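Undergrad: Structure of the sequence below:
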Amino acid sequence: MENILFKPLKVGALELQNRIVMAPLTRQRAGKSRTPNDLMLEYYIQRASAGLIITEATSITPMGVGYEDSPGIWNNEQTEGWKKITSAVHQKGGKIFLQLWHVGRISHSSFLHGELPVAPSAVRPAGHVSQVRPTVDYETPRALETREVKNLVLRYKEAAERAKVAGFDGVEIHAANGYLIDQFIQSKTNKREDEYGGNIENRARFLLEITDAIIDVWGADRVGVHLAPACDAHDVGDDTPLETFSYIAQELGKRKIAFIFTREGQSENSITPTIKKEFGGVVIANQGLDVTTAEKLINDGKADAVAWGKYFISNPNLVEKIKEGKPLTEADPETFYSKGSKGYTDYV
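TA: Residues are numbered from 1 along each chain as shown. Predicted structure coming up:
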């Protein structure tokens, strides 16, 4: 019997050769200019056998960064750097989407030329700024004005246009993990009283306006959305997650986008099966999966494809290893965000 992971899948405008997706992975190898480079080129070429690569999160504006040396897509140099990567992945027969990112309050003024991070509301996240040593607490962000929210929708659209110039097969909107769009979605971080706050419809408005703007650029069948319905990252939280994410899934279903990607652990309380039902399209499941669980999720109709992150870090040939039943190499967390090729392009 054919392994379901290797059965082709139509995802929007694309036909994936397998259902093994490379999850977006921040690796911080883009340098101070935040421009994709030859080391990143090698990294993505090595993993081109994935049914679909979703790139590391890529900032749409200098004010949207929150990590050292992560890449951007706001200028011509960055766009050209990504163009080399997409061309090489395509030459290997791969497909690649760019993940569009704004971290919102999960940043620090030291990354933003002294300016405060922005967010839907002036609610400070608990915890410390990632990987900054000695440790630094997050700051209380500045709440965006309504006109600034609308302007950010245009920044997402411009980034999507650059992604098209760079030769990507489509884009994924990062609306997960407690970053800016997720901060709008969830009630703990959104205390606004304008059209972008209050009820579920208003809190989802920012995501849906971005989605509509990017559909204008790409067509719905080349747009994906990344969600984290467990509400478990960067001190976010929602009073009614099932209702919130059901509504978002319904609205994205009306727009007939290519896929929804959900980062959520598998449990009896998982919201992903409801999202799949309400969305009606392709759902990519991610988080803590082994091969057997992944196959079962697809065979049970709870997902259409699966994504791995850490296993793709340490197994550039993950697709081939799974197909041949070979043991998988575990990743070394010490080199996730280090410099250079060690723990990046030297796995076999």
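
Undergrad: got a list of what the closest residue to Leu16 other than its chain neighbours touches?
TA: Of all residues not flanking Leu16 in the chain, Gly51 sits nearest, at 3.8 Å (Cβ to Cβ, 6 or more residues apart in numbering). For every residue, glycine as well, the C-beta is placed using N, CA and C. Residues in contact with Gly51 (Cβ atoms under 8 Å, 6 or more residues apart in numbering) are 9, 16-21, 95, 305, 319.

Undergrad: Just confirm Phe312 contacts Gln46, I think it does.
TA: No. The criterion here is Cβ atoms under 8 Å, and Phe312 misses it with Gln46 at 9.5 Å.

Undergrad: So those two - more neighbours on which side?
TA: Phe312 (23 against 18; other Cβ atoms under 10 Å).

Undergrad: Just the buried positions in the helix or strand harbouring Val217, please.
TA: Val217 belongs to helix 205-218 when assigned by DSSP states H and E. Neighbour-count burial for helix 205-218 flags 205-211, 213-215, 217-218 (criterion: 16 or more other Cβ atoms under 10 Å).

Undergrad: nearest to Glu264, of the residues you listed?
TA: Leu207 (17.1 Å; Cβ to Cβ).

Undergrad: Grab the longest strand from this protein for me.
TA: strand 52-59 (DSSP state E).

Undergrad: list the helices and strands it packs on?
TA: Here strand 52-59 touches strand 20-22, helix 76-91, strand 96-101, going by 3 or more Cβ pairs under 8 Å, 6 or more residues apart in numbering; DSSP states H and E.

Undergrad: I'd like the contacts of Gly51 laid out as CSV, including pLDDT and neighbour count.
TA: As requested, the contacts of Gly51 are arranged in CSV below (pLDDT from 0 to 100; neighbours: other Cβ atoms under 10 Å):
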residue, pLDDT, neighbour count
Leu9, 98, 21
Leu16, 98, 19
Gln17, 98, 18
Asn18, 98, 20
Arg19, 98, 26
Ile20, 98, 24
Val21, 98, 28
Lys95, 98, 22
Ala305, 98, 26
Val319, 98, 21
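
Undergrad: Spatially, which two of those are the most separated?
TA: It's Leu9 and Val319 that sit farthest apart of those, by Cβ to Cβ, at 13.5 Å.

Undergrad: overlap in contacts of these two?
TA: Joint contacts of Leu9 and Val319 (Cβ under 8 Å, 6+ apart) are 18, 51.

Undergrad: Could I get the average pLDDT for the longest strand of the chain?
TA: Averaging pLDDT along strand 52-59 yields 99.

Undergrad: Would you mark the buried spots in it?
TA: Buried residues in strand 52-59 (16+ other Cβ under 10 Å): 52-59.

Undergrad: can you give me the helices in the chain?
TA: Assignment of helices within the chain using DSSP state H yields the ranges 38-46, 76-91, 146-165, 180-185, 200-203, 205-218, 241-255, 272-279, 291-299, 310-314, 318-324.

Undergrad: Which stretch among those helices is buried most, on average?
TA: Mean neighbours per residue, mean count of other Cβ atoms under 10 Å, is largest over these for helix 180-185, with a mean of 28.

Undergrad: Glu68 and Asp300: what is the separation?
TA: To Asp300, Glu68 is 41 Å away according to Cβ to Cβ, to the nearest Å.

Undergrad: Those two: which has the busier surroundings?
TA: Ranked by neighbour count (other Cβ under 10 Å), Glu68 and Asp300 place Glu68 first, with 17 against 9.

Undergrad: Grab the nearest non-local neighbour of the more buried one.
TA: Per Cβ to Cβ, 6+ apart, closest to Glu68 is Gln28, 5.8 Å.

Undergrad: Quick check: phi and psi at the one you found.
TA: phi 60, psi 50 (degrees, to the nearest 10).

Undergrad: So which of the buried residues of helix 205-218 is the closest to Gly167?
TA: Trp218 (12.8 Å).

Undergrad: Next up, the contacts around that closest one.
TA: 160, 164, 170-171.

Undergrad: related to what we said a few turns ago, can you pull the pLDDT of the residue nearest to Glu68?
TA: For Gln28, pLDDT reads 98.

Undergrad: What of Asn269?
TA: Value for Asn269, per-residue pLDDT: 90.

Undergrad: Next, count neighbours for it.
TA: 11.
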